[in-house]
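[1] what's the 3D shape of this:
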Amino acid sequence: PPRCARSRSQAHSRQTGNSFVISLKDNPEVTIPLGASPRPGLGHLLNDPTKRRVLVVVGCLLYLGLALLLCREMWSPGLVVAGGPPDNEQKVWEIGWWAFSLTHGLNPLYTTYLSPAGHPINLMWNNSTPLLALLAVPLTLLVGAVTSFNLLVVLAIWLDASVAFLCLRALTPRIWSAWLGGLLFGFSPFVYTQLNSGRLPWLALFLLPVMLVLLRQLLVSRPRRRLLLGLEVGLVASAQLLLSEELLATSCLMVALTLLVLAIARPGQVARFLDYSIPVLAIAAATALAICGYPLWMQFFGPGHAIHGSVLNLSSTVSVLSSFLVPTQYQAISLGLPASRTASLAYRAVSTSYLGLPLLVLASWAAVRGRGDLVTRVAAIMTVGTLALSMGPWLDVSGSATGIPLPWVVLAHIPLLRLAAPQRLMVFAYLGLAVVVARAPTFQWTRRQRLALTALGALSGLALAPASAAFFVTVPDPGFFGSGGVRSIQPGSELVVAPSPISTLSPSDAAMIWQVQSDYRFRMTWASIIQIGQDGHAAAESPPSVLDSAVLASQAGQGGAPTSSVLQAMRAELHSWDVAGVIVGPSPHEAQIVGLFQLVLRTAPKYQDGVYVWSTWDQPSAS
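    Numbers count the residues shown, from 1 in each chain. Next up, the predicted model:
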């Protein structure tokens, strides 16, 4: 470039195949693909030769094969669901609810099917994924909500890796390095851990690489493309909001921090960037408001909106300093740690932070070698910053807080970030590392250095390799809720359904699956889903009641015979809920739960198609 004319004697260039290499003194070589699209987006893929297109397709198919291999237990016999409770049951229920509500003229953004009459639940406060549920409606109607959920899980992982691969192709001429970057992002320990928990909103990460490409486009002033780029940004932001509001909020945070880093690195371009980006962002905001205005109105002003606080202890959902290096039970090389799949929520949170020493060494070496490359430098800085933010407000070395404040102390007071879990920012660390890995081959390396990089890459793959196939839980599937006796229930009847033999949090997780299996034939008095609790604070399950507490105790094999006053309180609760019947499904303590309801209802149940039923179907429910 003309600006380098003064250093022409210290600059060298050469053409290698389809690339142009520029080498400056005391700086690494930078490789620029010839014939690439001047647009810094995905347009270059259209100009790829046929051979390269074939390689891109093969790379995406390899991701699909890996995703199917990782989720191979999906084909096990029985009613199997990806991940563990309660997240997987909630998402299965949501996917089924969208199909049911849209085909029955109901509003899919809130429900009265998981609580007594007069207590609506606002689904927008449940980290819902309305976009996936809406797109999956035809599939759900065809194969059912459980199968649809399992397929969406596989699709999300495949899209995470494939979209990252395609977007990284805009940053490097090397297909294989872009493919490795997509592999790192789409099959990271973060994704694997979310898969084992069944958290679909945190598996659908495929829009984050697209945001990276759009940000890069924003940094290149093209006045004629303002309208189109604004529409693109608005559509992507709207789609991300309808996939995960928390992820959109944290994405905005990372974009702001990235722009801050760029402003420090290139202060002379700040005014130019603002002059170009403000109209683009205005168009994007208008587009997003037009698309998401109604869902946001329902969330903040619709039925069941008066919720505040969080159901999680956000101070425990943080990374600890040792978690970046110490493998967990989810890695094949776990240093002899327990291999149980029933880790606590806090331990699952730590497991998503694992990077491994080989990857950290590889990324650090590439970042130092590519310090003259603006993309690599910004990606490396943002990765380090993300690791610091993921540790929350206070530094925790290995499980005990040190009292040393971290940047999140300030950011936690921002309204949009108040309910965000710091540890989930690790997804951006993996995206940053994917960029560094994809860019690394464009720098000048000696033969020995390339061999060392290859060895570090292989060791990184071994360190990050999952311990086993993804976790799928088998849900009891009594015939009653399929084609059995559930058809005798009057539609819309309020029922008490208990319990769940697979959950330690609530008696209703399996019941949500059973309600889906019955095509929402009945309503339920309680469920494990975010709703208004005491004093308006967010609760993960229905407000506590005497009957609920007794069922929980019976499910755990505890508790004796209730007193007459307690029995009267339970009967009063059933009457106030306008309950039309009680169903007890399979459980390790099934007999104890049945005995409890015999005392409450003062009659014996009818055993039908695998469940115990106390029915008053001939009496229409007021709900």
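
[2] all strands of the stretch 101-250 of the chain, in order?
    All strands of the stretch 101-250 of the chain, identified by DSSP state E, counting those that start in this stretch, fall at 110-111, 121-122.

[3] least reliable of the ones you listed going by mean pLDDT?
    Note on these: lowest mean pLDDT is at strand 121-122, with a mean of 90.

[4] can you list the neighbours in contact with that one?
    For strand 121-122, contacts defined as C-beta atoms under 8 Å, 6 or more residues apart in numbering pick out 109-112, 114-115, 298-299, 302-305, 307, 527, 529-531. From N, CA and C alone the C-beta is placed, and that goes for glycine too.

[5] next: stretch 594-613.
    By C-beta under 8 Å, 6+ apart, stretch 594-613 touches 476, 478-481, 484-485, 547, 550-551, 554, 561-562, 567, 570-571, 574, 581-586, 590, 614-615.

[6] mind checking the end-to-end distance for it?
    10 Å (C-alpha to C-alpha, to the nearest Å).

[7] buried set for that stretch?
    By 16 or more other C-beta atoms under 10 Å, the buried positions in stretch 594-613 come out as 594, 596-597, 600-601, 605, 608, 610-613.

[8] over to stretch 437-452?
    437-443, 445.

[9] now do the longest helix seen in the chain: which elements does it pack against?
    Ranked by residue count and defined by DSSP state H, the top helix of the chain is helix 270-301. Secondary-structure packing of helix 270-301 (3 or more C-beta pairs under 8 Å, 6 or more residues apart in numbering; DSSP states H and E): helix 207-218, helix 226-241, helix 245-265.

[10] and the longest one, average pLDDT?
    Mean pLDDT, helix 245-265: 87.

[11] before we move on, what about stretch 323-340?
    For stretch 323-340, mean pLDDT rounds to 73.

[12] now the nearest residue to A421 once chain neighbours are set aside: how far from S323?
    Using C-beta to C-beta, 6 or more residues apart in numbering and skipping residues adjacent in sequence, the residue nearest A421 is T317, 3.9 Å away. Noted for T317: a distance of 12 Å to S323, by C-beta to C-beta, to the nearest Å.

[13] same check on Q568?
    51 Å.

[14] so which of those two has more stuff around it?
    Higher neighbour count among Q568 and S323: S323, with 26 against 13, using other C-beta atoms under 10 Å.

[15] not counting its neighbours along the chain, what's nearest that one?
    In space, S323 is closest to S353, 4.0 Å off (C-beta to C-beta, 6+ apart).

[16] follow-up on the earlier one: state the helix or strand in which the residue nearest to A421 lies.
    For T317, there is no host helix or strand (DSSP states H and E).

[17] likewise R53?
    Counting by DSSP H and E, R53 is part of helix 50-70.

[18] show me what contacts D87?
    Counting by C-beta under 8 Å, 6+ apart, D87 touches 197-200.

[19] what sits against the spatially most central residue of the chain?
    Central residue of the chain (C-alpha atoms, centre = their mean): W202, 0.5 Å from the mean position. By C-beta under 8 Å, 6+ apart, the contact set of W202 is 190, 194, 244, 247, 424, 427.

[20] please state the backbone phi and psi of the third one?
    The phi and psi values for S244, taken as degrees, to the nearest 10, are phi -170, psi 110.

[21] right, and it touches P201 too?
    Yes: using C-beta atoms under 8 Å as the test, S244 is close enough to P201 to be in contact (4.0 Å).

[22] compare these two and say which is more crowded by neighbours.
    Taking other C-beta under 10 Å, S244 and P201 do not tie; S244 has more neighbours (24 against 20).

[23] mind listing residues that contact the helix or strand harbouring L389?
    Element membership of L389, judged by DSSP H and E, is helix 374-390. Outside of helix 374-390, the residues within contact range by C-beta under 8 Å, 6+ apart are 171, 254, 257-258, 261-262, 265-266, 318-319, 324, 353, 363, 366-367, 370-371, 406-408, 411, 422-426, 428-429, 432-433, 435-436, 439-440.

[24] for PyMOL, what selects the buried ones among these?
    Selection of the buried residues among those in PyMOL, burial being defined by 16+ other C-beta under 10 Å:
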select buried, resi 171+254+257+258+262+318+319+324+353+363+366+367+370+406+408+411+422+423+424+425+426+428+429+432+433+435+436+439+440
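
[25] now, the contacts of helix 374-390 that are in helices?
    Among those, the members found in helices (DSSP H) are 254, 257-258, 261-262, 265, 363, 366-367, 408, 411, 426, 428-429, 432-433, 435-436, 439.

[26] what segments of the stretch 401-550 of the chain are helices?
    Under the criterion DSSP state H, counting those that start in this stretch, the stretch 401-550 of the chain contains helices at 408-411, 426-439, 447-464, 509-517, 546-555.

[27] elements contacting the host helix or strand of E573?
    Here E573, judged by DSSP H and E, is contained in helix 564-576. Packing contacts for helix 564-576, counted by 3+ C-beta pairs under 8 Å, 6+ apart, involve helix 546-555, helix 590-601.

[28] rerun that using 10 Å as the cut-off
    Secondary-structure packing of helix 564-576 (3 or more C-beta pairs under 10 Å, 6 or more residues apart in numbering; DSSP states H and E): strand 493-498, helix 546-555, helix 590-601.

[29] one step back: now the two most distant members of the buried residues of stretch 437-452.
    The two members of these with the most space between them (C-beta to C-beta) are A438 and W445, at 14.8 Å.

[30] that older thread, and the strands of the stretch 101-250 of the chain as JSON lines, adding distance to L235?
    Below are the strands of the stretch 101-250 of the chain laid out as JSON lines (distance: least, C-beta to C-beta, whole Å):
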{"stretch": "strand 110-111", "distance to L235": "25"}
{"stretch": "strand 121-122", "distance to L235": "25"}
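
[31] which is the next helix or strand following the helix holding L389?
    Downstream of helix 374-390 (by DSSP H and E), the next one is strand 394-396.

[32] that next one pairs with which strands?
    strand 401-405 (antiparallel) (DSSP bridges).

[33] what's the first-to-last distance across stretch 236-250?
    End-to-end distance for stretch 236-250, by C-alpha to C-alpha: 15 Å.

[34] scratch that, stretch 461-475 is what I was asking about
    33 Å.

[35] go on, stretch 168-179?
    End to end - C-alpha to C-alpha - stretch 168-179 spans 8 Å.

[36] now stretch 524-535
    With C-alpha to C-alpha applied, stretch 524-535 spans 22 Å between its terminal residues.

[37] contact partners for the residue nearest to G59 when sequence neighbours are not counted?
    Leaving aside its chain neighbours, G59 sits nearest to W179 (4.6 Å; criterion: C-beta to C-beta, 6+ apart). Counting by C-beta atoms under 10 Å, 6 or more residues apart in numbering, W179 makes contact with 55-56, 58-60, 62-63, 161-162, 164-165, 168-169, 438.

[38] before we move on, the earlier item: relative to S493, which of the strands of the stretch 101-250 of the chain is closest?
    strand 110-111 (15.6 Å).

[39] can you select the buried ones from the contacts of strand 121-122 in ChimeraX?
    For the buried members of these, the matching ChimeraX selection, counting by 16+ other C-beta under 10 Å, is:
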select :109,110,111,112,114,115,298,299,302,304,305,307,527,529,530,531
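
[40] returning to what we had before: compare the contacts of D87 and tell me which is most surrounded.
    L200 (29 neighbours).

[41] could you check the pLDDT of that residue?
    The per-residue pLDDT reported for L200 equals 93.

[42] in this structure it contacts L131, no?
    No: under the criterion of C-beta atoms under 10 Å, L200 makes no contact with L131, lying 11.0 Å away.

[43] pretty sure M74 sits against G83.
    No: M74 lies out of contact with G83 (C-beta under 10 Å); the separation is 11.2 Å.

[44] so these two - more neighbours on which side?
    G83 (25 against 18).
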